[in-house]
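[1] How does the following fold in three dimensions:
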Amino acid sequence: MRTLEDLSNWFSDIDWTWWPLLSLRPPKNENISNRALFKITSFFGPGAGVVSACALQALDIFGVVPAVGIKDLAFVAVLTCVLFFLFAKHIAVRSWNKRAARF
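    Numbers count the residues shown, from 1 in each chain. You can find the predicted model right below:
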């Protein structure tokens, strides 16, 4: 588990991974709050949601999934935002906050 934590923190320490939200990154000895994570999710989540909806639409076009409506695409976009928040909370933020506690 420590290897995953170290990898997550290494990736989080790279400036370009925070662009354009570099101002939200706290110092290494401070926790990332839920408020900051919500702001990050508000920026990156919709983009991830659009990509997921496009992927679902492509699967529909190629006949892999049954007909997809606009409600399905909207649901997938919102679900992707929620999953982005949860993934970030339980992997990246947990790793960051554990490191902050060690400082």
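[2] Where does the spatially most central residue of the chain fall, secondary structure wise?
    Geometric centre of the chain, nearest residue: residue 84, 3.6 Å, by CA atoms, centre = their mean. In the assignment (DSSP states H and E), residue 84 maps to helix 70-87.
[3] mind listing the strands in this structure by residue range?
    Assigned by DSSP state E, the chain shows no strands.
[4] most residues in a single helix of it, which one?
    helix 34-61 (DSSP state H).
[5] That one vs helix 70-87, what angle?
    140 degrees (axes from the mean of the first three to the mean of the last three CA atoms, to 10 degrees).
[6] in helix 34-61, what counts as buried?
    Within helix 34-61, the residues that count as buried by 16 or more other CB atoms under 10 Å are 36, 37, 40, 41, 45, 48, 49, 52, 53, 56, 60. All C-beta atoms are positioned from the backbone trio N, CA, C, and that covers glycine.
[7] The residues you listed into JSON lines, with extra columns for pLDDT and distance to residue 10?
    Listed next are the buried residues of helix 34-61 as JSON lines, based on pLDDT from 0 to 100; distance: CB to CB, whole Å:
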{"residue": "36", "pLDDT": "94", "distance to residue 10": "19"}
{"residue": "37", "pLDDT": "95", "distance to residue 10": "19"}
{"residue": "40", "pLDDT": "94", "distance to residue 10": "18"}
{"residue": "41", "pLDDT": "94", "distance to residue 10": "21"}
{"residue": "45", "pLDDT": "92", "distance to residue 10": "23"}
{"residue": "48", "pLDDT": "93", "distance to residue 10": "22"}
{"residue": "49", "pLDDT": "91", "distance to residue 10": "27"}
{"residue": "52", "pLDDT": "92", "distance to residue 10": "26"}
{"residue": "53", "pLDDT": "89", "distance to residue 10": "31"}
{"residue": "56", "pLDDT": "89", "distance to residue 10": "32"}
{"residue": "60", "pLDDT": "87", "distance to residue 10": "38"}
